[in-house]
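Participant: Sequence and predicted model, in that order:
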Amino acid sequence: MDISSNNKLLLSTACFPSLEYFVNFCKYEKVFIDIHETYPKQTWRNRCRIFSANGLMDLTIPVEKPYGNQTKTSEIVISSHNSWQKNHWRSIESAYRNAPYFIYYKDMVEGLVMDTQTSMLYEFNQKVLLNILDDLGIHKSAEFTDSFIHDSSGYIDLRFCISPKVKDRIGRTEIFFETYYQVFADKHGFQPNLSILDLLFNTGPDTLKYLQNTITG
């Protein structure tokens, strides 16, 4: 693993990551994903946030922890005991079917959501990430760390602060997100920093430009 660069970003794995995740991913030269921490609850590792007719909605992938509370993220298994894929896709389709670019990304996103062959959470998330990066034309990959990084002084460490929990974000400078068209903004107001799905379906080919402008802005 090359650790010589001073421009290294350390992230957690994430499910259909937030705009904040992608902005930082694009900003730094090298990206590493640490999947060796003890799996924390209620994070973006197994959930994403979309914008539905009723407002914000979190979609959560049900998971199983083979070793209880000592299970590492790399060991987290996606539960096969319910039809979460169908429910997630139904929610996404309902939220974005009237978005300007839904038809352009429908097949890709549906294929990712409905994947029943990938059993490990981190592998599912990586598949999602790589497909979206490829579609956006972002020619950069993320390398998994070999072990848990205890001393992250050589990194920009965002593993635990890109989070839905307010307490995890204390002390961080929040990114300002310019408004863009959202299907239900007239009803609920503009909602920033949602899943990349929201930006893709609503802005289409301008998604990468939006992320790049957010970096420089």
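Facilitator: Sure, I can see it. Numbers count the residues shown, from 1 in each chain.
Participant: Contacts for the helix or strand that contains residue 88, please.
Facilitator: Applying DSSP states H and E as the criterion places residue 88 in helix 84-96. Applying Cβ atoms under 8 Å, 6 or more residues apart in numbering, the set of residues contacting helix 84-96 from outside is 50-53, 57, 59, 61-62, 102, 106, 109-110, 113-116, 183-184, 197-198, 201-202. The way it works is simple: take the backbone N, C-alpha and C, and place the C-beta from them, glycine included.
Participant: ok, of the residues you listed, which come out buried?
Facilitator: Among the contacts of helix 84-96, the ones that count as buried by 16 or more other Cβ atoms under 10 Å are 50-52, 57, 59, 61, 102, 106, 109, 113, 183-184, 197-198, 201-202.
Participant: hmm, back to that, following the helix holding residue 88, which helix or strand comes up?
Facilitator: Later in the chain than helix 84-96, the nearest helix or strand by DSSP H and E is helix 102-113.
Participant: Run the chain-centre distance for that following helix.
Facilitator: On the basis of Cα atoms, centre = their mean, to the nearest Å, the separation between the geometric centre of helix 102-113 and that of its chain is 16 Å.
Participant: helices or strands up against it?
Facilitator: Packed against helix 102-113, as judged by 3 or more Cβ pairs under 8 Å, 6 or more residues apart in numbering; DSSP states H and E, are the following elements: helix 84-96, helix 121-136, helix 196-203.
Participant: Just the mean pLDDT for the last one, thanks.
Facilitator: When pLDDT is averaged over helix 196-203, the result is 98.
Participant: Dump the C-alpha coordinates for that helix into PDB.
Facilitator: C-alpha atoms of helix 196-203 as PDB (Å, rounded to 0.1, in the frame of the first residue of the first chain):
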ATOM      1  CA  ILE A 196     -25.900  10.400  -4.700                       C
ATOM      2  CA  LEU A 197     -29.100   8.900  -6.100                       C
ATOM      3  CA  ASP A 198     -30.900  12.200  -5.500                       C
ATOM      4  CA  LEU A 199     -28.300  14.200  -7.500                       C
ATOM      5  CA  LEU A 200     -28.100  11.600 -10.300                       C
ATOM      6  CA  PHE A 201     -31.800  11.400 -10.900                       C
ATOM      7  CA  ASN A 202     -32.300  15.200 -10.700                       C
ATOM      8  CA  THR A 203     -29.200  16.600 -12.500                       C
END
